[in-house]
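Asker: A structural model of the following input is requested.
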Amino acid sequence: MAANPSSSGLEASLSSVEQLLDDVSAALLAGEPLVLQAASTSLRQAMMDMARLVPAATGLKSLDENMRKRLAKISLTLTQQRESLIRRAVVVDRTLLTVLPQAQSLATYSGGAKASAYRGGAARIYAAVAT
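Answerer: You can find the predicted model right below:
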């Protein structure tokens, strides 16, 4: 059975996406943000190109079993990478909070030295001198 041009294009596109998924995984493991960004951008473009090759009328049903399995594996890998990125973002946020703690935001009419002086019943002139 000869492959039609659209299936050979889809085959090439699937191979490209699989390679780019490997590149993104390697960049995640290496912790290289610029490499990860470049690989992710390339992967996004390759995924859009691949989506154009799948026939809209018949969708995945028109693909052979091997291609459907490969697409399922791609989907699983993307999910795992997304979860890894979320975990990495949490670690980075926590690290940043340790290194650069956030300033506590006080409400407009609460907190501060003057507010506590007024709450104690001191007159304004005494509260102003206290701060």
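Asker: just the mean pLDDT for stretch 26-42, thanks.
Answerer: For stretch 26-42, mean pLDDT is 91.
Asker: assign a three-state SS to P101, would you?
Answerer: Recorded secondary structure, P101: coil (DSSP: H, G, I helix; E, B strand; the rest coil).
Asker: now L63: phi and psi?
Answerer: L63 adopts backbone torsions of phi -90, psi 150, taken as degrees, to the nearest 10.
Asker: please disregard the earlier target; I meant P101.
Answerer: phi -60, psi 150.
Asker: D93 now?
Answerer: phi -60, psi -40.
Asker: ok, now how distant is it from V99?
Answerer: With the distance defined as C-beta to C-beta, to the nearest Å, D93 ends up 11 Å from V99. (Glycine included, C-beta is placed from N, CA and C.)
Asker: so the two - more neighbours on which side?
Answerer: More crowded of D93 and V99, by other C-beta atoms under 10 Å: D93, with 10 against 7.
Asker: so what's that one scoring on pLDDT?
Answerer: On the pLDDT scale, D93 is placed at 88.
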